[in-house]
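Engineer: sharing a model that was predicted from the sequence below.
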Amino acid sequence: MHHGTFSKLAKRAARFTGQPRCFGIAVTIVLLWVASGPLFDFSDTWQLVINTSTTIITFLMVFLIQNTQNRDTDALQIKLDELIRVTELAHNTLLDLEELDEKTLDRYRAHYAAMAHKARKRGLVDELAAP
């Protein structure tokens with residue numbers, strides 16, 4: 001499947017599955033399945049139908065959710081990079097930070113944690129963060 005086609009399909013599916021109407025459809029299917037139990041004597045096949053269906057749907061949804069999360073994360077990172085870029089006192093070395101290796105990220109994290117600790121020691125606490 002072409003990347004663009006998958007992306008369009010994933011967006012549509014994510015929008016649809018995120019709606020209350022889709023949840024209602026899922027609940028209706030489960031209720032119909034439960035109601036049909038006596039008709040099929042609660043057989044192993046009757047149970048297998050719902051188990052197999054939900055397993056397949058769950059398997060496919062994992063990829064759909066991951067695609068949506070990746071797209072959202074990429075968009076968010078681009079927006080953050082733009083805010084860093086246009087903020088006069090921001091450190092441009094923070095642009096594209098998510099592409100760095102874990103060791104480098106740990107150094108940045110430690111640096112900013114130390115800055116936060118120093119600010120708190122000096123009593124520079126935002127009004128919203130104050131206890």
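Structural biologist: That came through fine. The model shown is predicted, which means the values in this text are computed figures rather than measured ones. Numbering: from 1, shown residues only.

Engineer: now Gly37: closest residue in space that isn't a chain neighbour?
Structural biologist: Trp46 (6.1 Å; Cβ to Cβ, 6 or more residues apart in numbering). Yep, even glycine has a C-beta here, placed from its N, CA and C like the rest.

Engineer: show me the contacts for that neighbour.
Structural biologist: Trp33, Ser36, Gly37, Phe40 (Cβ atoms under 8 Å, 6 or more residues apart in numbering).

Engineer: now the last one. Nearest residue, chain neighbours left out?
Structural biologist: Yep, that's Phe40 we're talking about. In space, Phe40 is closest to Trp46, 4.0 Å off (Cβ to Cβ, 6+ apart).

Engineer: and the second one, by the same measure?
Structural biologist: Using Cβ to Cβ, 6+ apart and skipping the chain neighbours, the partner closest in space to Ser36 is Trp46 (7.0 Å).
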